[in-house]
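**Student:** need a structure here:
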Amino acid sequence: MIRLGVLIVVVFLAGCSLHKPIKVELSVTPPSEYLGNKATAEPGLPLDQWWLSFHDERLNLLMTELFAQNLELTQSLARLQQVESAFRITRSAQSLQLSAGASQSRSQQPGLNDDFIGNNQQLSLAAGFELDLWGKLAAQTKAASLELSASRQNVQTVYLGLSARLADLYFLAVEQRAQLALTEQSIASFADTVVRVKSRYRAGLVPAVDMYQARQSLSGAQAARYLFEARLAEAEHAIAVLLGRYPERSPDGSLEQLPTAPNLFVVGIPTDLISQRPDLQAALQRVEAADARVAVAIADRFPSISLSGGYGSLRQDVTAGLIKGEFWNLLGNLAMPIIDGGRRQAEVDRQEAVLREAVAIYQQKVLSAFQEVENVLINNFATGQRVERLAETAQTTGATLRLSTARYLAGLTDYLPVLTAQRADFDISSRLLSAQRQLLADRISLARALGGDWMRDKMNSRLQLEKDKK
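**Tutor:** Numbers count the residues shown, from 1 in each chain. Have a look, this model is predicted:
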């Protein structure tokens, strides 16, 4: 009766939940729409493979190469496979453990009359299984499964970040080529001005200072060229390394004119961001994994029961005769912690603190993600307005330069207005190129901040390809 009563109590307690999972909530209630979303009549572009919105075939080819060759991505996939293996190891604890064994021996020992000679052969199967009375093993498996899901989200975050980095570098290189082309045009214009001023100086029509000022403008433009060449080389080197190559320069014929920035991508509402951003999903799953590990620590304070058994056959041929037959055994083991110096309770407390930290990390990441999107939206609007104003200014400075040059050559003014107009026109044109590239970068940042799910298909295709190679 006592044994039956103990069994009933154990079964009853096994059906009780030792730990109630927490419900993760945001620390703040997000608004119904983004503050920085300036409504326009233009339709939003889809986030799926956002780089296609730039309509640049060269960029599309580089993205394909990036996803196949980037070494950071290879590292992330290898880490994912490690976590997947760790999950399978953890999950195996819930399964029946079965092993087979075989042995054969021959021995000789001295006896009173004759030596004792024996042959021994044995085949056996051994099985073991732990009863998961308190859900400890299930909680361990759940935590490992959530860590695996979080690692998958991390890989998707790498895909998203790498694609944005490549596009940023690509258009930075295009801008530097455009800056170089602008600089070459300015150098040619300044050189022509130097020739004209020099001719007028020799004719005694202008003072020497005009010639020196003209040469100064020419030298300044020539000096700027080296800066743009260095920045172009750095961008191209970075692109090559992203693609898994040795640092190299892009071939001749590369794009030298910045494209028009596409429309904004579909922004949606703030609450959608949590499901769209893989880093937020990873943080949430790590909260759930930490919660599961709290359940493991609590269950570890309760008794554990494991069963084991063995079955086999024995054949022993000795001097006295042949002994053969089958053998088996069953064993039940109960382990119940009584005194451990508070170690198990301390582990529960530690895991609960880890859980609180994970919740705070998740909530902080969500707030930072909202902030990132709001900032990027404002930057897209502000940079767009800046591009428009700079374009208007560039038209004005160009007209001013033409007029001041004509008046100078006609002898109506001195050289100072021409010098001022030349510097203003070159400066505004260069700033306009930088602003146009910045607007492209802001579009890229918006795509990265909003997330999406296109990375999942890229990741699964890459994983399947690697499996097929094995």
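**Student:** buried ones in stretch 29-45, by neighbour count?
**Tutor:** Neighbour counts over stretch 29-45 (16 or more other C-beta atoms under 10 Å) mark Pro30, Tyr34, Gly36, Asn37, Leu45 as buried. For the C-beta atoms, the positions are set from N, CA and C on the backbone; glycine is no exception.
**Student:** what about that stretch, how long is it end to end?
**Tutor:** 27 Å (C-alpha to C-alpha, to the nearest Å).
**Student:** need the strands for the stretch 101-250 of the chain, in chain order.
**Tutor:** 116-131 (DSSP state E, counting those that start in this stretch).
**Student:** which residues of the stretch 251-400 of the chain score low on pLDDT?
**Tutor:** 252-253, 317-321 (pLDDT under 70).
**Student:** which one of the buried residues of stretch 29-45 is nearest Gln316?
**Tutor:** Nearest to Gln316 among the buried residues of stretch 29-45 is Pro30, at 76.3 Å by C-beta to C-beta.
**Student:** is it true that the closest one lies in a strand?
**Tutor:** No. Using DSSP: H, G, I helix; E, B strand; the rest coil, the assignment for Pro30 is coil, not a strand.
**Student:** residues contacting the spatially closest residue to it that is not a sequence neighbour?
**Tutor:** Counting by C-beta to C-beta, 6 or more residues apart in numbering, Pro30 lies nearest to Pro270, which is 3.8 Å off, once chain neighbours are set aside. Contact analysis of Pro270 by C-beta atoms under 8 Å, 6 or more residues apart in numbering lists Pro30, Pro31, Ser32, Glu33, Tyr34, Phe370, Val373.
**Student:** excluding chain neighbours, what is closest to the fourth one?
**Tutor:** Leaving aside its chain neighbours, Glu33 sits nearest to Ile269 (5.9 Å; criterion: C-beta to C-beta, 6+ apart).
**Student:** spit out the contact partners of that neighbour.
**Tutor:** Pro30, Ser32, Glu33, Tyr34.
**Student:** backbone dihedrals for the third one, both of them.
**Tutor:** The one in question is Glu33. phi -150, psi 160 (degrees, to the nearest 10).
**Student:** quick one: the helices in the stretch 51-200 of the chain?
**Tutor:** 57-69, 71-91, 136-202 (DSSP state H, counting those that start in this stretch).
**Student:** and these as JSON lines, adding mean neighbour count, distance to Lys470 and mean pLDDT?
**Tutor:** Converted to JSON lines, those look like this (neighbours: other C-beta atoms under 10 Å; distance: least, C-beta to C-beta, whole Å; pLDDT from 0 to 100):
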{"stretch": "helix 57-69", "mean neighbour count": "15", "distance to Lys470": "17", "mean pLDDT": "95"}
{"stretch": "helix 71-91", "mean neighbour count": "15", "distance to Lys470": "11", "mean pLDDT": "95"}
{"stretch": "helix 136-202", "mean neighbour count": "20", "distance to Lys470": "19", "mean pLDDT": "91"}
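**Student:** let me have the ones you listed in TSV, adding distance to Thr413 as columns.
**Tutor:** Shown next, in TSV, are the helices of the stretch 51-200 of the chain (distance: least, C-beta to C-beta, whole Å):
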stretch	distance to Thr413
helix 57-69	47
helix 71-91	58
helix 136-202	13
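**Student:** host element of the closest residue to Pro417 other than its chain neighbours?
**Tutor:** Excluding the flanking residues, the one nearest Pro417 by C-beta to C-beta, 6+ apart is Ser404, at 4.2 Å. With elements taken from DSSP states H and E, the one containing Ser404 is helix 343-409.
**Student:** quick one: list the elements packing against that helix.
**Tutor:** helix 136-202, helix 273-276, helix 278-299, helix 416-450 (3 or more C-beta pairs under 8 Å, 6 or more residues apart in numbering; DSSP states H and E).
**Student:** who are the packing partners of the second one?
**Tutor:** Packed against helix 273-276, as judged by 3+ C-beta pairs under 8 Å, 6+ apart, are the following elements: helix 278-299, helix 343-409.
**Student:** just to revisit the earlier point, centre of the chain to the helix holding Ser404, how far?
**Tutor:** On the basis of C-alpha atoms, centre = their mean, to the nearest Å, helix 343-409 sits 19 Å off its chain's mean C-alpha point.
**Student:** so Gln316 lies in a strand, does it not?
**Tutor:** Yes. Judged by three-state DSSP, Gln316 forms part of a strand.
**Student:** list the contacts of it.
**Tutor:** Gly118, Asn119, Asn120, Gln121, Leu322, Ile323, Lys324.
**Student:** domains in the chain, by residue range?
**Tutor:** 16-95+142-301+343-469, 97-131+303-336 (automatic domain parsing).
**Student:** next one: the last one to chain centre, how far?
**Tutor:** Translated: domain 97-131+303-336. 54 Å.
**Student:** what is the end-to-end distance of it?
**Tutor:** One end of domain 97-131+303-336 to the other measures 22 Å (C-alpha to C-alpha).
**Student:** what sits against the residue nearest the centre of the chain?
**Tutor:** A centroid search over the chain (C-alpha atoms, centre = their mean) returns Val158, at 2.2 Å, as the residue closest to the centre. The contact partners of Val158, taken as C-beta under 8 Å, 6+ apart, are Glu72, Leu73, Ser76.
**Student:** now render those as TSV, adding distance to Arg231.
**Tutor:** Output for the contacts of Val158, formatted as TSV (distance: C-beta to C-beta, whole Å):
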residue	distance to Arg231
Glu72	23
Leu73	26
Ser76	29
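**Student:** need the helices and strands packed on helix 343-409 in CSV (columns: distance to Ile339).
**Tutor:** Shown next, in CSV, are the helices and strands packed on helix 343-409 (distance: least, C-beta to C-beta, whole Å):
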stretch, distance to Ile339
helix 136-202, 20
helix 273-276, 46
helix 278-299, 18
helix 416-450, 54
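**Student:** tell me which of these lies nearest to Asp468.
**Tutor:** helix 136-202 (18.4 Å).
**Student:** between helix 57-69 and that closest one, find me the angle.
**Tutor:** Following axes from the mean of the first three to the mean of the last three C-alpha atoms, to 10 degrees, one obtains 140 degrees for the angle between helix 136-202 and helix 57-69.
**Student:** what's the distance between Gln464 and Gln216?
**Tutor:** 63 Å (C-beta to C-beta, to the nearest Å).
**Student:** those two: who's more crowded?
**Tutor:** The neighbour count for Gln464 versus Gln216, taken as other C-beta atoms under 10 Å, is higher for Gln216 (14 against 10).
**Student:** distance of the more buried one from Val197?
**Tutor:** 11 Å.
**Student:** how about Phe327?
**Tutor:** For Phe327 relative to Val197 (C-beta to C-beta), the value is 111 Å.
**Student:** now Glu130. Nearest residue, chain neighbours left out?
**Tutor:** Glu130's closest residue in space is Ser306 (C-beta to C-beta, 6+ apart), at 4.4 Å.
**Student:** likewise for Leu264?
**Tutor:** Gly44 (5.7 Å).
**Student:** so what's the one you found up against?
**Tutor:** If you count contacts by C-beta under 8 Å, 6+ apart, then Gly44 has Asn263, Leu264, Phe265, Val266, Val267 around it.
**Student:** and if you look at Arg462?
**Tutor:** By C-beta under 8 Å, 6+ apart, the neighbours of Arg462 are Phe67, Ala68, Leu73, Leu77.
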